[in-house]
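**Q** show me the folded form of this:
(2 chains)
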Amino acid sequence: MTLSPSDRVRAVPPSGIRRFFELAEELDDVISLGVGEPDFSAPWAAREAAITSLERGQTSYTANRGMRRLREAIADDAHRWNLRYDPDDEVLVTAGASEAIDVALRALVDPGDTVAVPQPCYVSYVPGVIFAGGEVLDVRTRVEDEFRLTPEVLSEAGAEEADLLVCCYPNNPTGATMTRADLFEVAQFCLEHDLAVVSDEIYADLTHEGEHVSIAEFDGMRERTVVVNGFSKAYAMTGLRLGYALGPGGAIGAMNRVHQYTMLSAPTTAQYAAIEAIETCREDVVEMQTQYDRRRRYVLARLDEMGIDCFEATGAFYVFPECPGDDAEQFAEDLLEAERVAMVPGSAFGVGGDGHLRASYATGLEELKEAMNRLERFVS
Amino acid sequence: MDDRDRAPNGDGGREGESGSDPNRGSDPDRGGDVREEILELLCENARHSTADLARLAGVSEETVEATIADLEGEGIVQGYTAIVDWDAVADERVRAIVECNVTLDRETSYDDVAERLAGFPEVEGLQLVSGDYDFALEVEGENMREVSRFISDKVAPLPEITQTVTHYVMETYKQGGYRFGDGGDDDRLSVTP
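**A** Purely as a prediction, here's the structure:
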């Protein structure tokens, strides 16, 4: 046997973001609107809790499922979204929401199972399905629907035949959110056609209009849904790598079986930070959300003034304008070259993303103003 | 702006009653209290242009102008200033925090004493505080001698003042929500999913 990559690995297309990242890294003075993480640091109280745990020498493994106190805090916190889970066997603490997604797919998908993936979407779902041996069914959400998921687009893709749906609202890369009524329709589709759901709700706390609704709250959905969330976005703790999954005991137990042999337990230092974050850092989250919301309004107003079409994104920290040029990849490259502003072409996020650009507003307001000035100069 | 602490201040969400005039206090375009939103934005950066304030708050420029005029007219906004790290310029000015104890009598209240102290241009800030002393003065001068002379010649001799303790500021680390010094470098990767 040689060290050649497996068929599964080779089946995963190269990252559309990687090339763009390399282009941006070569240049100086780039204002990047291409960053998918907060520009804030984690709240000081959470950082301090991490430091204290290290000083106390709390550097051992924890229980596979995560520290009991953290699971309790997570279960209590989920009440905000009308979700009730037993910290004993319905909560799994993972190394970031990314691990939770991977583990969910590996624990729930059999070879040959079909997984419906609404796109444009975060880049890890499709590879995750392929690594798990499943078949990806592309579901193309539409700009006319403001990139919300609807029974119509599910039907169009033939998702009636799918076994599992992976969805993410508030959405990366579009900033789309789903109202309770929108989500109810999708839940009915899943119930009618017997789809299980992995619902990535990592941006739940960054819902700028209305309130976040979890698909798991509808009658009959709790049994068939794994909710994924984490601390990276809301608490600006990306580098601490801490996420979690909520679901019925059977599914969480199966996920834990994969998790215990791959990760063993999520980082202990991060778990201490997370307990503190949930217990005392709500106000920091609200303050950061307030800042994102201001920038969101600012960017949408500037794009509108430039005559660039963009639906009113209401979640996460992204807007997803239509590209003013014919070719979004070329446009993004030219913009980077000429004005040193980085935006990611929408095609990097799967089908349905072409012709768009993702602009992250997780960037200081002054940089954001300058980036918009440069963009305005570029398009005029 | 780079020096701004990258962690949020954690001073909580915004909630407040709507203004009495529906065209000023709240905007039909969106909920929330526009007055409070504009106050917060001005506190973060009083140099935001009217156009930017309008974009950030999601209201019209006319609403911004009218709201600021109201806030100024009602004395809610008392002034605008810059947060300066004086150590970073060649300027050798000196700042001190002065604790003052006072005794009052039937004819003299805290307000009377404050009135006299606040009149001096050297007094940059003046607050009545709880605890071991009564007034906290913020005094600024060209050098230590000037500050000392001001305290001994102008403040201490006031009949109500019983004691002063002067603390010279040696280093400022954070002021008005802004962290001084470097830091704030963006160490994130430039493009991530």
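
**Q** tell me which element residue B:37 is part of?
**A** helix B:34-44 (DSSP states H and E).

**Q** which strands or helices does that helix pack on?
**A** With contacts taken as 3 or more C-beta pairs under 8 Å, 6 or more residues apart in numbering or on different chains; DSSP states H and E, helix B:34-44 sits against helix B:50-57, helix B:61-73. No exception for glycine: its C-beta is placed from N, CA and C like everyone else's.

**Q** what comes up buried for the first one?
**A** Under the neighbour-count criterion of 16 or more other C-beta atoms under 10 Å in any protein chain shown, helix B:50-57 has B:52, B:53, B:54, B:55, B:56, B:57 buried.

**Q** local confidence estimate at residue B:31?
**A** Listed pLDDT for residue B:31 reads 39.

**Q** err, residue A:14, not the other one
**A** Confidence score, pLDDT, at residue A:14: 83.

**Q** Three-state assignment for it, please.
**A** State at residue A:14, reduced to three classes by DSSP: H, G, I helix; E, B strand; the rest coil: coil.

**Q** residue ranges of each domain in chain A, please.
**A** Partitioning chain A according to automatic domain parsing yields domains covering residues A:7-42+A:283-379, A:45-280.

**Q** would TSV of those with mean neighbour count and distance to residue B:155 be doable?
**A** Below are these laid out as TSV (neighbours: other C-beta atoms under 10 Å in any protein chain shown; distance: least, C-beta to C-beta, whole Å):
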stretch	mean neighbour count	distance to residue B:155
domain A:7-42+A:283-379	19	39
domain A:45-280	20	39
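
**Q** mind putting those domains in a markdown table, distance to chain B included?
**A** What follows is those, written out as a markdown table (distance: least, C-beta to the nearest C-beta, whole Å):
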| stretch | distance to chain B |
| --- | --- |
| domain A:7-42+A:283-379 | 4 |
| domain A:45-280 | 4 |
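
**Q** tell me the domain ranges of chain B?
**A** Taken from automatic domain parsing, chain B resolves into B:1-82, B:86-175.

**Q** chain B: strands as residue ranges?
**A** B:94-102, B:123-128, B:135-141, B:161-168, B:174-175, B:178-179 (DSSP state E).

**Q** dump those strands into CSV; add mean pLDDT, distance to residue A:48 and mean neighbour count as well.
**A** Putting the strands of chain B into CSV (pLDDT from 0 to 100; distance: least, C-beta to C-beta, whole Å; neighbours: other C-beta atoms under 10 Å in any protein chain shown) gives the following:
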stretch, mean pLDDT, distance to residue A:48, mean neighbour count
strand B:94-102, 96, 27, 19
strand B:123-128, 97, 29, 14
strand B:135-141, 96, 28, 20
strand B:161-168, 96, 27, 14
strand B:174-175, 90, 16, 12
strand B:178-179, 87, 16, 16
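
**Q** those strands: which one's closest to residue A:12?
**A** For residue A:12, the closest of these is strand B:178-179, at 42.7 Å, according to C-beta to C-beta.

**Q** hmm, that closest one touching chain A?
**A** No: shown here: strand B:178-179 not in contact with chain A (C-beta under 8 Å from any C-beta of the partner chain), separated by at least 11.4 Å.

**Q** isn't residue A:40 right up against residue A:289?
**A** No: with contact defined as C-beta atoms under 8 Å, residue A:40 does not count as touching residue A:289 (10.7 Å).

**Q** before we move on, the earlier item: closest to residue A:327 out of the buried residues of helix B:50-57?
**A** Using C-beta to C-beta, the buried residues of helix B:50-57 come closest to residue A:327 at residue B:55, 29.1 Å.

**Q** so what pLDDT did the spatially closest residue to that closest one that is not a sequence neighbour get?
**A** Leaving aside its chain neighbours, residue B:55 sits nearest to residue A:301 (3.8 Å; criterion: C-beta to C-beta, 6 or more residues apart in numbering or on different chains). You'll see residue A:301 listed with a pLDDT of 98.

**Q** tell me which element residue A:301 is part of?
**A** helix A:282-306.

**Q** and the angle from that helix to helix B:50-57?
**A** Angular relation of helix A:282-306 and helix B:50-57 on a 0 to 180 degree scale: 130 degrees, by axes from the mean of the first three to the mean of the last three C-alpha atoms, to 10 degrees.

**Q** hang on, isn't residue B:85 packed against residue B:180?
**A** Yes: Residue B:85 is in contact with residue B:180 according to C-beta under 8 Å; the separation is 4.9 Å.

**Q** for the two, indicate the residue with more neighbours.
**A** residue B:180 (18 against 12; other C-beta atoms under 10 Å in any protein chain shown).

**Q** hmm, that one is touching residue B:84, no?
**A** No: contact criterion C-beta under 8 Å: residue B:180 and residue B:84 do not qualify, at 9.8 Å.

**Q** what helices and strands are in contact with the helix holding residue A:301?
**A** strand A:318-319, helix A:365-379, helix B:50-57.

**Q** how many neighbours does residue B:153 have?
**A** The burial count for residue B:153: 9, using other C-beta under 10 Å.

**Q** and it, what pLDDT?
**A** 96.

**Q** so how far is residue B:126 from it?
**A** Remark: distance between residue B:153 and residue B:126 (C-beta to C-beta, to the nearest Å) = 18 Å.

**Q** no more questions from me, cheers.
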